[in-house]
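**Student:** Dropping a prediction and its sequence here:
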Amino acid sequence: MRLGEQPQARHFPRRNRLISGLARGLVVVEAAERSGSLITAQYALEQGREIFAVPGSPLDPRAKGANRLIRDGATLTESAEDVLAVLGPILGGDFREPEAASPKSPPDAAALEAEADRVRRAVEEALGPAPVQVDEVIRLTGATTSAVLTVLLELELAGRCRRHAGNMVSWA
């Protein structure tokens, strides 16, 4: 298949073979008896990937494929922890949630406003009639990128700053 070509059902197995090759495991949530999910699972098995399957009602035709995978040895999967329990030792990672940082007291409004004023003054000093790179303004102010971009937007909306090609700014 070529770039820009419309999707066609005959291309899906080849695409899914590539996808299963990039993954360490495959989770099948729903699969009819003759579904593309089972084709992908077969590719994954051939590539030595882990197969996980979410069980479904034996009366639901959309669950027959996943249930058969479980019967044939896929890992029965009810939650993400089931996947992590198998892949964790293989990948050598500890996939637990990070510990919550101790809550910091929020900065007071006066301190935030003082910092905002400092950044505004520094941006205004960095600007001139000749266009200057935004990256240079950030470097000159020593402020965070987001703070400088916020100030530049405020100045631009107020009609005091002008944007130029090449990510440059100057006084309006």
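**Tutor:** Noted; the coordinates are in hand.

**Student:** So what's the residue count around the spatially closest residue to A23 that is not a sequence neighbour?
**Tutor:** Excluding the flanking residues, the one nearest A23 by C-beta to C-beta, 6 or more residues apart in numbering is R49, at 6.2 Å. C-beta: built from backbone N, CA, C; applies to glycine. When neighbours are defined as other C-beta atoms under 10 Å, R49 has 18 of them.

**Student:** Now do the contacts for R49.
**Tutor:** By C-beta atoms under 8 Å, 6 or more residues apart in numbering, the contact set of R49 is S20, A23, R24, G25, L26.

**Student:** how close does I39 sit to L152?
**Tutor:** 52 Å (C-beta to C-beta, to the nearest Å).

**Student:** quick one, longest helix in this protein?
**Tutor:** Identified as the longest helix of the chain according to DSSP state H is helix 109-126.

**Student:** Just the mean pLDDT for that one, thanks.
**Tutor:** When pLDDT is averaged over helix 109-126, the result is 90.

**Student:** Flag every buried residue along it.
**Tutor:** For helix 109-126, the buried set under the neighbour-count rule, 16 or more other C-beta atoms under 10 Å, comprises V119, R120, A122, V123, A126.
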